[in-house]
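1. Give me the fold of what follows.
(2 chains)
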2 protein chains.
Amino acid sequence: MQEGQLRYLVTGCAGFIGSTLTQRLLATGHSVVGYDNFSTGQEDFVRSARQHANFHLVRADVLDLKTLSDSMAGSELIFHLAANADVRFGVEHPRRDLEQNTIATHNVLEAMRRNGIDRIAFSSSGSVYGESSIAPTPEDAPFPVQTSLYGASKAAAEGLIAAYSAAFGFQAYIFRLVSILGERYTHGHVFDFYRQLMADPGRLYVLGNGRQRKSYLYVGDCIDAMLLAIERANDRVNVFNLGHDGFCEVNDSIRWICAALGLRPEIVYSGGDRGWVGDSPFIFLDTHRIRALGWKPKRSIQQGVLATLEYLRSNPWLLAARQ
Amino acid sequence: MQEGQLRYLVTGCAGFIGSTLTQRLLATGHSVVGYDNFSTGQEDFVRSARQHANFHLVRADVLDLKTLSDSMAGSELIFHLAANADVRFGVEHPRRDLEQNTIATHNVLEAMRRNGIDRIAFSSSGSVYGESSIAPTPEDAPFPVQTSLYGASKAAAEGLIAAYSAAFGFQAYIFRLVSILGERYTHGHVFDFYRQLMADPGRLYVLGNGRQRKSYLYVGDCIDAMLLAIERANDRVNVFNLGHDGFCEVNDSIRWICAALGLRPEIVYSGGDRGWVGDSPFIFLDTHRIRALGWKPKRSIQQGVLATLEYLRSNPWLLAARQ
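-> This is a model prediction of the structure:
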């Protein structure tokens, strides 16, 4: 490794954000141990990384503390991105978020402690704010009342990370993300809509009333922000909202997608002001804190949605892989 | 049961607060299923309850989901007080708070869901605020950064309770407590100081510099507040700080204790501004919200400390039981 280059361990390295981050780290001269159980991660997403001399892949679960701990030896910073990403099914599997987000994060922290590793970056979520009365919502918004099992599990993981930082001298970077879009995006509304329209171009079912406002961020912009924060922020616990400074309605996104595909489907709304139990009708984050470090998103929300759509059109295997 | 009387399940029924609450509920005509693993609970604390026809004791662990779920059948409100109460040893046993506070609470919620029980009252802690910049700290203080594994585990449990309330229509009462004092108090500084002084009346070791400010509340006042809140507060998720409107320094408490015992020990401070890693030097809660329901504490902090001391002097067996 060159001077200034680090050895990272990335959990969830075969996921949407994790694989994109891994590629970026390798491209800039860093070493990466990638860790993934491939429950939702994709082989295709790590194919190019696996050609790289500075990449080592571990196929295992974050809940397997021994393997996780063994795999961390020698790493200097842990990017903990592995998570239960199916935010909508908390009600059907109420223990899944607890295990895969909270207990899994505890394992990461324990493995770090055992290895003497003291820097962690964590992908949290804007859903930790519940339904905030303040929009855009700043990092120091009033003490939240959780409204989803997913948000609660991410907030719990944040709390563990901060407590470990106080107890064991870790330095932590906690990123509260809006929905992220872009290449390798494998779940969420653009994916669902595209899949539906491929199956039946004449009709599109939409959860809720389509008026849910979302502040999507492009994955490349998200990774820019995370890497900048790690380089420049020096508190013990550094918390950053990452999101776009604008928002769109789900209906806007539908319009962009249908126009790009040249389709005019009948839109059928399930009704109500939210997509599912625990869905927040409006996640819009105040990003002054990360902007003060010099970051701003390079792509608009519409550009992010259309880049995602283009990617899905070029990778039809993904529709099958994520059935 | 008479009309208006409820059937409660109390986890931690053999603990300090749990046993006092159980006795109060039985005395006012309610039925109680008491649940305790007696890891720190005391047989003596449930002796009188066990004479009561409306009391049923289950000796089991909250982590045993099947027994917990079976025991809940027919209860209308769950008082979840079982917890790892040894807040100071998080650093030595980093998984204990996660298991006994967070995962245990998840089990309670799951057992409720399986039984169709939809009301829960939970003993959280003022330590969920970390080291708040605002004192007294209101319930809607800025989003906290956790500073102890104990606080993080309680905050995580709160989040689970709120999320279950949103997902499954539960009604929740979350009480953020300062340190509670009074009869049956079995850990904390009055206990430690009394034990030390019984062993060596000439010297008292004090963690930190003795300047830590604490807002102790008498257990009877705490239970008054919890029962009032359950009766009068009607939001889905009701969060209340419970504490005294004043505070004392640990040094004040030492003075009261030594005067009551007629001792003048040499005081030896370990130094630093906090008692242990994760100890908050100042927990002082804004209690306007619970006061607006008509509650106020009946005992002063000094009266609470002295009642505790009197209880310990009358129950020397406790010193042995809690070695």
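
2. does any part of the strand or helix carrying A:Met226 sit near chain B?
-> With elements taken from DSSP states H and E, the one containing A:Met226 is helix A:219-232. No. Contact of helix A:219-232 with chain B (Cβ under 8 Å from any Cβ of the partner chain) is absent, the minimum separation being 15.7 Å. The way it works is simple: take the backbone N, C-alpha and C, and place the C-beta from them, glycine included.

3. can you list contacts of that helix?
-> With Cβ atoms under 8 Å, 6 or more residues apart in numbering or on different chains as the contact definition, helix A:219-232 has outside contacts at A:16-17, A:20-21, A:24, A:77, A:79, A:119, A:121, A:173, A:175, A:177, A:180-185, A:238, A:240, A:242, A:290, A:293-295, A:297-299.

4. Let's see which of those residues end up in strands.
-> Under the assignment DSSP state E, the contacts of helix A:219-232 contribute A:Leu77, A:Phe79, A:Arg119, A:Ala121, A:Tyr173, A:Phe175, A:Leu177, A:Ile180, A:Leu181, A:Asn238, A:Phe240, A:Leu242 to strands.

5. Between those, which sits nearest B:Glu310?
-> Nearest to B:Glu310 among those: A:Asn238, at 48.6 Å, using Cβ to Cβ.

6. Would you mind naming the residues that bridge with the closest one?
-> As for beta bridges, A:Asn238 partners with A:Tyr173 under DSSP bridges.

7. Kindly report the same for the one 4 residues further on.
-> Here A:Leu242 shows beta-bridge partners A:Leu177, assigned using DSSP bridges.

8. In contact with it, which residues?
-> When contacts are counted by Cβ under 8 Å, 6+ apart, A:Leu242 touches A:Phe175, A:Arg176, A:Leu177, A:Val178, A:Leu217, A:Cys222, A:Ala225, A:Met226, A:Leu285, A:Thr287, A:Ile290.

9. Could you identify the buried members of the contacts of helix A:219-232?
-> Neighbour-count burial (16 or more other Cβ atoms under 10 Å in any protein chain shown) applied to these gives A:16-17, A:20-21, A:24, A:77, A:79, A:119, A:121, A:173, A:175, A:177, A:180-185, A:238, A:240, A:242, A:290, A:295, A:297, A:299.

10. Run through who's touching stretch A:310-323.
-> When contacts are taken as Cβ under 8 Å, 6+ apart, the neighbours of stretch A:310-323 outside the stretch itself are A:40, A:42, A:44, A:182-187, A:190-191, A:194-195, A:198.

11. ok, now with 7 Å
-> Contacts to stretch A:310-323, defined as Cβ atoms under 7 Å, 6 or more residues apart in numbering or on different chains, come from residues A:Gln42, A:Glu183, A:Tyr185, A:Thr186, A:His187, A:Phe191, A:Tyr194, A:Arg195, A:Met198.

12. next one: it to chain centre, how far?
-> For stretch A:310-323, the gap between its own C-alpha mean and the chain's C-alpha mean amounts to 19 Å (Cα atoms, centre = their mean, to the nearest Å).

13. just stretch A:126-136 next, same as before
-> The chain centroid and the centroid of stretch A:126-136 are separated by 17 Å under Cα atoms, centre = their mean.

14. Between the two ends of that stretch, what distance do you get?
-> Length of stretch A:126-136, first residue to last, Cα to Cα, to the nearest Å: 11 Å.

15. Give me the buried stretch members for it, please.
-> A:Gly126, A:Ser127, A:Val128, A:Tyr129, A:Gly130, A:Glu131, A:Ser132, A:Ala135, A:Pro136.

16. measure the residue nearest to A:Leu25 when sequence neighbours are not counted to chain B for me?
-> Spatially, and ignoring its direct neighbours in sequence, A:Leu25 is nearest to A:Val32 (5.2 Å; Cβ to Cβ, 6 or more residues apart in numbering or on different chains). Per Cβ to the nearest Cβ, to the nearest Å, A:Val32 is found 27 Å from chain B.

17. A:Val32: neighbour count?
-> A count of neighbours around A:Val32, defined by other Cβ atoms under 10 Å in any protein chain shown, yields 26.

18. contacting residues around it?
-> For A:Val32, the set of contacting residues under the criterion of Cβ under 7 Å, 6+ apart consists of A:Tyr8, A:Val10, A:Thr22, A:Leu25, A:Leu26, A:Asn54, A:Phe55.

19. how about a cut-off of 10 Å?
-> Listed by Cβ atoms under 10 Å, 6 or more residues apart in numbering or on different chains, the contact partners of A:Val32 are A:6-10, A:13, A:18, A:21-26, A:49, A:52, A:54-57, A:75, A:79.

20. and it, what are its phi and psi?
-> The main-chain torsion angles of A:Val32 are listed as degrees, to the nearest 10 and equal phi -140, psi 130.

21. returning to what we had before: which one (most neighbours) among the contacts of stretch A:310-323?
-> Within the contacts of stretch A:310-323, A:Tyr185 tops the neighbour count with 25 neighbours, counted by other Cβ under 10 Å.

22. What sits closest to it if chain neighbours are left out?
-> Closest residue in space to A:Tyr185, ignoring its immediate chain neighbours: A:Thr308 at 4.9 Å, by Cβ to Cβ, 6+ apart.

23. Secondary structure element holding that neighbour?
-> Secondary structure assignment for A:Thr308, by DSSP H and E: helix A:301-314.

24. What's the mean pLDDT across that helix?
-> In this model, helix A:301-314 has an average pLDDT of 96.

25. For burial, what's the neighbour tally of A:Gly4?
-> Quick note: A:Gly4 (other Cβ under 10 Å) scores 8 neighbours.

26. Please read the previous query as pertaining to A:Pro316.
-> Burial measure for A:Pro316: 10 neighbouring residues, criterion other Cβ under 10 Å.

27. Export the contacts of A:Leu242 as CSV, with columns for pLDDT.
-> Conversion of the contacts of A:Leu242 to CSV gives the following (pLDDT from 0 to 100):
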residue, pLDDT
A:Phe175, 98
A:Arg176, 98
A:Leu177, 96
A:Val178, 94
A:Leu217, 96
A:Cys222, 98
A:Ala225, 98
A:Met226, 98
A:Leu285, 96
A:Thr287, 98
A:Ile290, 98
